[in-house]
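A.B. asks: using only what follows, build the 3D model:
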Amino acid sequence: LRVGFVDNVIKLDYNSLYPSIILTWGITDETDLMNAMLKMLEYVLTTREKYKGDKKKAGKIVDMYEDEFIAKGIELLAEQIIEYNQQKMQYNFADKKQNQQKVLGNSFFGSYGSNNGSVFPWKSQKCAEQTTCTGRQCLRLMISHFHKLGYIPIVGDTDGFNFKLPDTYRYTDENPYISNGMSRVTEAGKKYTGFQADVAEFNDKFMRDFHYGPNCVNKMGLGIDEIVAATINFSRKNYADYFPEEEFPKDIKMVGNTIKSKKMPDYIAKFLEKGIRLLERKKGQEFLDEYYAYVEKIYNYNIPIKMIASKGKIKKSLKDYVIDCNTLTKAGRPKSRQAWMELALKENLDVHMGETIYYINTGKSKSQADVKKVTHYYATDGMFNEKKDMKVTLEKEYKANNIDGKLAPKEVKLSFNEWVKRHHSDI
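C.D. replies: So this is what the prediction gives:
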């Protein structure tokens, strides 16, 4: 991982890496005599490729209308409006269909590695390990090959890697790379230049349409996912990409909970929204000026209280929340509480699904979290009202009335905290 600012970035990834590996190397368990798993997976990937092609075709027509007419304020003719709407519907339809196949194909690998036969009866730890090992080798091959060509590795993911583009390329308009069409993603006789030539050469050289066995179907191929003018890597899987050709807010794509979260206070989100754009545009001095000006606003209490507040969304009714809190997890522990829901109950608020509650933690130290778990139970002892910790005594009494994990007959199943509230209200 290379942390910080990097410009001229290319994102390379393998197409459906794990499912493609399973099909290309014919990874199947010896108990699958009919190769049913491979045939099913081949259908899933082939179907997804079809819908991806439909999506790309419709997307080009939609982009043409939006860039050449709508963005310039040119009114569309009646037949053009019909075609635009039809292609937009086709784009959305194909996108949803290919996404369904994507989820199904990717979940196949997870099913292979499942330890529980009831989840996937045809599980195979051996097949899962072979798939993972082959995937790592494919990534190492890609990194090694492109690093030798001057590409600088920045950050990797499951099926791809991000590189800083080199300053010069071997293949130019005067000296293009002419593909021999040996891979399934290149076209024989086609001329490639720049980074596209390097990717095409890699595919022709290493992703050749070669069958490793009679039941294998080559599905491997390296693709260009994205070209980014600049990116800032904050931490693993937390980055911001810059697209100067796009209008605000699409000029910046932020990924990761560190810099983008629905629960993030608004004053932090507002600063990041402006600050990241200044850094991406290489305006370091302006970023520092904005930073110190914002710190001064915070110090002088010039930030509206709503922007500082934490946020929580209502996703269930208060009645359902109370019932859910009284149920135990599989480990026998009570489910975690939510600060905004507890406040709604305490203040008897009339809340509805989808609403957002803003709240402020008035604690004076980091240890005073939004929701604090009760860890001690005290009772007064003696004439001087001295506090005595009753936790050990209460736990013994609770366990005595809770035989083999099930409370005694006619007793309602309660968590330890709820049991103390009901039977020892004075604690």
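
A.B. asks: not counting its neighbours along the chain, what's nearest residue 146?
C.D. replies: Leaving aside its sequence neighbours, residue 146 sits nearest to residue 163 (CB to CB, 6 or more residues apart in numbering; 5.8 Å). In short, each C-beta sits where N, CA and C put it, glycine included.

A.B. asks: element containing residue 110?
C.D. replies: helix 78-112 (DSSP states H and E).

A.B. asks: buried set for that helix?
C.D. replies: 84, 87-88, 90-91, 94-95, 97-98, 101-102, 104-106, 108-109, 112 (16 or more other CB atoms under 10 Å).

A.B. asks: do the same with stretch 246-253
C.D. replies: By 16+ other CB under 10 Å, the buried positions in stretch 246-253 come out as 251-253.

A.B. asks: elements contacting the longest strand that the chain contains?
C.D. replies: Ranked by residue count under DSSP state E, the longest strand found in the chain is strand 222-235. Other elements packing on strand 222-235 under the criterion 3 or more CB pairs under 8 Å, 6 or more residues apart in numbering; DSSP states H and E are strand 4-14, strand 152-156, helix 194-206, strand 238-242, helix 266-280.

A.B. asks: reformat these as JSON lines; add mean neighbour count.
C.D. replies: Output for the helices and strands packed on strand 222-235, formatted as JSON lines (neighbours: other CB atoms under 10 Å):
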{"stretch": "strand 4-14", "mean neighbour count": "18"}
{"stretch": "strand 152-156", "mean neighbour count": "18"}
{"stretch": "helix 194-206", "mean neighbour count": "20"}
{"stretch": "strand 238-242", "mean neighbour count": "21"}
{"stretch": "helix 266-280", "mean neighbour count": "16"}
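
A.B. asks: dump the ones you listed into TSV; add distance to residue 310 and mean pLDDT as well.
C.D. replies: Below are the helices and strands packed on strand 222-235 laid out as TSV (distance: least, CB to CB, whole Å; pLDDT from 0 to 100):
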stretch	distance to residue 310	mean pLDDT
strand 4-14	29	95
strand 152-156	30	92
helix 194-206	44	96
strand 238-242	20	94
helix 266-280	10	94
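
A.B. asks: out of these, the one nearest residue 223 is which?
C.D. replies: For the helices and strands packed on strand 222-235, the distance to residue 223 is smallest for strand 4-14, at 6.3 Å, taking CB to CB.

A.B. asks: just want the angle from the helix or strand just after that closest one to strand 222-235.
C.D. replies: For strand 4-14, the following helix or strand on the C-terminal side (DSSP H and E) is helix 17-24. Put simply, helix 17-24 runs at 150 degrees to strand 222-235, going by axes from the mean of the first three to the mean of the last three CA atoms, to 10 degrees.

A.B. asks: which among the helices and strands packed on strand 222-235 is found nearest to residue 66?
C.D. replies: strand 238-242 (21.2 Å).

A.B. asks: and that closest one, C-alpha only, in CSV?
C.D. replies: The C-alpha coordinates for strand 238-242 follow below in CSV (Å, rounded to 0.1, in the frame of the first residue of the first chain):
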residue,chain,number,x,y,z
ASN,A,238,-10.1,4.1,1.8
TYR,A,239,-9.4,6.5,-1.1
ALA,A,240,-10.6,9.4,-3.1
ASP,A,241,-10.4,9.5,-6.9
TYR,A,242,-10.4,12.7,-8.9
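
A.B. asks: from here on, call the first residue 10.
C.D. replies: Fine by me, first position is 10 from now on; the one you just mentioned is strand 247-251.

A.B. asks: tell me the first helix or strand C-terminal of it.
C.D. replies: Once strand 247-251 ends, the next helix or strand along the chain (criterion: DSSP H and E) is strand 261-264.
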